[in-house]
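Peer 1: okay, here's the prediction I keep looking at, along with the sequence it came from:
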Amino acid sequence: MVKILLLVLLAELVTVVGQILFKKAANQVEPYSLRGIAAQLRFMKDILTKPAIWLGLLAMILGLVIWLAALAQGDLSLVFSLGSMQYILILFLAHVFLGEKIDKMKFIGTFLVVLGIVLIAMT
Amino acid sequence: MKNSQLTFKIFFLIVLNDIGDTLAQLILKKGLIQTGISSVTFGNLAEFITANAASLLVWLGFLIYAVNFIIWMIILYRIDLSIAMPVGSTCYIFVPIVAVIFLHERVSPLRWLGILCIVLGIHFVSQSKSTTKGRA
């Protein structure tokens, strides 16, 4: 049980770091309109030339491997409900590393989503 | 969603991303079953990869993942990660509803309660202000 908990936590932490790196890369692209194919292609080029995106992909793959290891060990509904903690991790780590504000609405909403997933996993 | 930066367009992209993710997982699972190697060890890892690399379904699954990646980056370009992530839990709502309508599955009261919590949660998060500005 403790081992599964640690594995799921690690998988989530690594995945969340990956998402934060993705967001960092997206924030590094200067603002312009994404209207039209030319702009979208330019956006893809801009995104894929940011080192953060490749580090993020690496983290995602690593996270997936740890995630699969956790799934192989533990019962699906347990792993699934523990998995909802990544929303809480995102809430706080996005605040620390990306400066995203935590307001009352976001805080309450995130915890409701987590509660909902735990309830679904219990059935 | 009047006061929030979560416009209908971004919400639509997030739902599309969710559907793509679910679809890709179903297709990959089908592909892996079709290939028929049920257990993976270090010994048959090479065989596992080459056998699945010949599967059209496996390639289709990866293609959807690639398209999904582009959609996700466009979403992140426009809105906070801490908004996009919880709102991206719409699949927990749609999958049971689809299962009820098309597969005539029964959904337990506790599960409906969970779904209600997620709907409310998404609504609350969508009301919060995004820090990512000027990119809509």
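Peer 2: Cool, the structure landed.
Peer 1: list the contacts of the residue lying closest to residue B:108 once chain neighbours are set aside.
Peer 2: Spatially, and ignoring its direct neighbours in sequence, residue B:108 is nearest to residue A:123 (4.8 Å; C-beta to C-beta, 6 or more residues apart in numbering or on different chains). In short, each C-beta sits where N, CA and C put it, glycine included. Residues near residue A:123 by C-beta atoms under 8 Å, 6 or more residues apart in numbering or on different chains: B:108, B:110-111, B:114.
Peer 1: please redo it, this time with the cut-off set to 7 Å
Peer 2: Taking C-beta atoms under 7 Å, 6 or more residues apart in numbering or on different chains as the criterion, residue A:123 is in contact with B:108, B:110-111.
Peer 1: flag every residue of chain A that's near chain B.
Peer 2: Within chain A, the residues that sit near chain B (C-beta under 7 Å from any C-beta of the partner chain) are A:19-20, A:22-23, A:26, A:29, A:31, A:34, A:44, A:47, A:87, A:90-91, A:94, A:98-101, A:103, A:105-106, A:108-110, A:112-113, A:115-117, A:119-120, A:122-123.
Peer 1: chain A contacts on chain B?
Peer 2: Counting by C-beta under 7 Å from any C-beta, chain B sits next to chain A at B:70, B:73-74, B:76-77, B:80-83, B:85-86, B:89, B:92, B:108, B:110-111, B:113-115, B:117-118, B:120-122, B:124-125, B:127-129, B:131, B:134-135.
Peer 1: try it again with 8 Å
Peer 2: On the criterion C-beta under 8 Å from any C-beta of the partner chain, chain A has as its neighbours in chain B the residues B:70, B:72-74, B:76-77, B:80-83, B:85-86, B:89, B:92, B:108, B:110-111, B:113-129, B:131-132, B:134-135.
Peer 1: which strand or helix spans residue B:113?
Peer 2: Taking DSSP states H and E as the criterion, the element that holds residue B:113 is helix B:109-126.
Peer 1: who wins on neighbours among the contacts of residue A:123?
Peer 2: Highest neighbour count within the contacts of residue A:123, by other C-beta atoms under 10 Å in any protein chain shown: residue B:111, with 18 neighbours.
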